[in-house]
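*Asks:* let's see this in three dimensions:
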Amino acid sequence: MNLSHAQTTSLSSAPATVARAFFRDLESKEWFRAVQFIHQDALDSFRAEQLRNAQKWPPAGDSTLSPEDRAHFDSIRSLMRRRRNPLLEYFPGIPTIDSLGRLPPSVFLARFWQSGDPSVLGYPDSSPHAIRKVLRARIVSDTLAYIVYRMTVDNHFPSPGPHILEARKSHKRWLFLLNDELKCIGGCWTTYIVEPDST
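*Replies:* Predicted structure coming up:
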């Protein structure tokens with residue numbers, strides 16, 4: 001993404017200030033507060049994407065497999081069908097994908113983020129502490145900005161980055177879209193779903 005034509009702004013700009021408040025809620029694991037900083041379009045899209053990928057469970061096979069390999073794969077697939085859909089592991093207490101789809105988009109994302117927090121399940125929180133620092137903000141228009149930030153885990157291990165977060169003004173508030181880093185706070189299992197073979 002080329003931000004060279006956008007106006008560079010100070011770290012005290014409105015989008016940067018809102019991003020810092022959002023990051024504080026993420027760092028303190030206030031998931032239901034943090035989700036209020038996410039744009040409705042991003043909430044709707046995230047839930048739809050996760051539910052769409054969940055429908056692909058178990059993954060489809062490769063039509064180029066030999067008959068022996070195909071039979072083996074089909075037997076594994078049959079076993080997988082009897083297991084709980086892996087997306088539901090992120091939502092304790094939700095019994096089916098249909099009931100999961102009835103969660104409001106903001107609750108869906110907050111619960112997904114929360115699933116990466118062992119303390120929610122009563123376990124000691126041994127997960128790494130992530131700190132996100134705003135490096136700069138670029139204002140593109142009155143309703144569009146980009147936040148450039150770096151994430152450090154436990155104050156010493158920088159994640160690949162820096163990361164870019166798109167901000168859009170909606171109803172006089174700066175709200176954020178979800179980048180890959182934010183989508184993976186709870187987990188990234190959908191990365192491993194195999195697309196159905198189109199042949």
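
*Asks:* direction included, what does the longest strand along the chain pair against?
*Replies:* The longest strand of the chain (DSSP state E) is strand 130-141. In the sheet, strand 130-141 lines up against strand 7-9 (antiparallel), strand 144-153 (antiparallel) (DSSP bridges).

*Asks:* just the C-alpha atoms of that strand, please, in CSV.
*Replies:* Below are the C-alpha coordinates for strand 130-141, written out as CSV (Å, rounded to 0.1, in the frame of the first residue of the first chain):
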residue,chain,number,x,y,z
ALA,A,130,1.7,-7.8,23.1
ILE,A,131,2.3,-4.0,23.0
ARG,A,132,1.3,-2.0,19.9
LYS,A,133,3.0,1.4,19.4
VAL,A,134,1.7,4.0,16.9
LEU,A,135,4.6,5.1,14.7
ARG,A,136,2.7,7.5,12.5
ALA,A,137,-0.7,8.4,11.1
ARG,A,138,-1.5,9.4,7.5
ILE,A,139,-4.6,11.4,6.8
VAL,A,140,-5.9,10.7,3.3
SER,A,141,-9.2,12.6,3.6
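
*Asks:* tell me the mean pLDDT for it?
*Replies:* Strand 130-141 shows a mean pLDDT of 92.

*Asks:* other SSEs contacting the helix or strand that contains F112?
*Replies:* Assigned by DSSP states H and E, F112 belongs to helix 105-114. Judged by 3 or more CB pairs under 8 Å, 6 or more residues apart in numbering; DSSP states H and E, helix 105-114 is in contact with helix 31-34, helix 40-54. Where C-beta positions appear, they are placed from N, C-alpha and C, glycine not excepted.

*Asks:* tell me what the first one is packed against?
*Replies:* Right, the one you point to is helix 31-34. helix 14-27, helix 105-114.
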